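> Provided below for reference: sequence and predicted model.
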Amino acid sequence: MNRHQGMLMIGAALLLGTQALYAQTCNGSITATAPDSRYTDHGNGTVTDNQTGLMWKQCSEGLTTTSTPCDTDSVASYSWQDALTQAQTVNSSGFAGYNDWRLPNRNELASLVERRCYRPAINATLFPATRGSYYWSSSPYADNSGNAWGVHFYHGYVNSSGKGDAFYVRLVRGGQ
C-alpha cells in the first residue's frame, strides 16, 4: 500500500468513527419532552411510549440487544423501499412475540425527538446507540413522488429525501 492509499484509509476510518467521537448533549434548563418516565421498558428490546401508546424497537434495525443495550457493530441503512420491506422481514421472525411491526409515519417518528438534546435528539437511555442521522418514515412526500419523509436525529428535524438514499430504520407497532 502506498502513502496515498494509507492516508485515504485513515481518512475513511475517521469519518466512519465520528459517531463514536460525539456524545449526546442536552440542555438541562429546557424541560425534557421525552423523559424516561414517559416510557415503559419491557426488557425484551421493546419500549412503549405511554403518551402515544406506540411500542418501539429499542434498537435501530441491524442492531441487537444481546451483549450490550444495542450492539453497534451491525447497524444497517436502507433505501426507503428496503426500509418498508425490513418490517416484513422482522415480522416473519416474530420479534418480541409480535408480527405487526411497521415503519412509523413521520408524525410517529417525530414523536421520539427529545427537544432539549442533540447528537442524537432522542432519549438515549431508552433508545441507545441511535445514530445522529436520518431515519426513514413510511410517509411519502406528496410534492415529489421520488421522496419520502424522515427524521434527522442529529437535531431532530423532519425533512424529505430521495427514496433511493440509504438511511436508518426504527420499527414501531400499534397506533395509526
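That came in fine, so what should we check first?

> where's T125 relative to D36, distance?
Distance, T125 to D36, by C-beta to C-beta, to the nearest Å: 6 Å. Where you see a C-beta, it was placed from the backbone N, CA and C, and this is true even at glycine.

> and if you look at D82?
Distance from D82 to D36, by C-beta to C-beta: 32 Å.

> Those two: which has the busier surroundings?
D82 (17 against 11; other C-beta atoms under 10 Å).

> and the more buried one, that one's in a helix?
Yes: judged by DSSP: H, G, I helix; E, B strand; the rest coil, D82 forms part of a helix.

> pretty sure D49 is touching Y39, no?
Yes: the pair D49 / Y39 is scored as a contact, 5.8 Å apart, by C-beta atoms under 8 Å.

> Test for you: state the pLDDT assigned to S67.
Note on S67: pLDDT of 46.

> er, L63 actually
We have a pLDDT of 72 for L63.

> Can you classify it by secondary structure?
Strictly by three-state DSSP, L63 counts as coil.

> Do I have it right that it meets S74?
Yes: between L63 and S74 there is a contact under C-beta under 8 Å: 6.2 Å.

> More neighbours: which of those two?
L63 (25 against 12).
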